[in-house]
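Peer 1: With the input below, show me the fold.
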Amino acid sequence: MYSENRPWGSFHVLDEKPGFKVKRIVVVKGGRLSLQSHKHRAEHWTVVNGTATVTVGDRVLTMKRGEAVDIALGEKHRLENMHDGEVEIIEVQFGDYLGEDDIIRYDDAYNRT
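Peer 2: Numbering: from 1, shown residues only. Here you go, the predicted structure:
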C-alpha cells in the first residue's frame, strides 16, 4: 500500500481496514524507535527477522524470529536493533484511530517531538 523511510529504517503498510492496520517495520543496525505510547491503538509485534530489543512498560526483552509481544493501549514501548543485520517485525495495530500522528514520544534519539 505505502512505505515511509525514517531515521531508524522504514515501515511498509501491508493492509489497512477500519479498526486495524498491518505493517512490516525494518530497523537498521543501531536504529531505535522513540519510547512512545498511543492514545487510540494497541499493537501486536512479531519478529520475523533478526534479534530485536523491545521495551514494553518496565520490561526489556530480547526477541528472536517467531517471538511476539502485545502492547496495550497507552503502554510505553520501544523497538531497537542492537545487533548485526536488520530487524524486521510485523506490527498489527488495533484501534479506533490508526494515524501516524497518534504517537506520544517520551524519548527520541532523533529529536522528533
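
Peer 1: got the contact list for stretch 45-65?
Peer 2: For stretch 45-65, contacts defined as C-beta atoms under 8 Å, 6 or more residues apart in numbering pick out 24, 27, 35, 66-69, 71, 75-83, 85-91. Any C-beta I mention is one placed from the backbone N, CA and C, and that applies to glycine too.

Peer 1: ok, and for it, which residues are buried?
Peer 2: Neighbour-count burial for stretch 45-65, counted by 16 or more other C-beta atoms under 10 Å, picks out 45-47, 50-56, 63.

Peer 1: got TSV for those residues, with secondary structure and distance to Glu100 too?
Peer 2: Below are the buried residues of stretch 45-65 laid out as TSV (DSSP: H, G, I helix; E, B strand; the rest coil; distance: C-beta to C-beta, whole Å):
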residue	secondary structure	distance to Glu100
Trp45	strand	17
Thr46	strand	21
Val47	strand	22
Gly50	coil	23
Thr51	coil	26
Ala52	strand	21
Thr53	strand	23
Val54	strand	20
Thr55	strand	20
Val56	strand	20
Met63	strand	24
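
Peer 1: Most widely separated two among those?
Peer 2: By the measure C-beta to C-beta, these have their two most distant members at Gly50 and Val56, which lie 17.8 Å apart.

Peer 1: which sections of this structure are below the confidence cut-off?
Peer 2: Within the chain, no stretch falls below the threshold (pLDDT under 70).

Peer 1: Strands along that one, start to end?
Peer 2: Counting by DSSP state E, the segments of the chain that form strands are 2-6, 9-17, 20-27, 35-37, 41-49, 52-56, 59-63, 68-71, 77-80, 87-95, 104-107.

Peer 1: Got phi/psi on Trp8?
Peer 2: Summarising the backbone geometry of Trp8 under the convention degrees, to the nearest 10, its torsions are phi -90, psi -10.

Peer 1: what's near enough to touch the nearest residue to it once chain neighbours are set aside?
Peer 2: Nearest residue to Trp8 in three dimensions, chain neighbours excluded: Gly31, at 3.4 Å (C-beta to C-beta, 6 or more residues apart in numbering). By C-beta under 8 Å, 6+ apart, the contact list for Gly31 reads 7-9, 80-81, 87.
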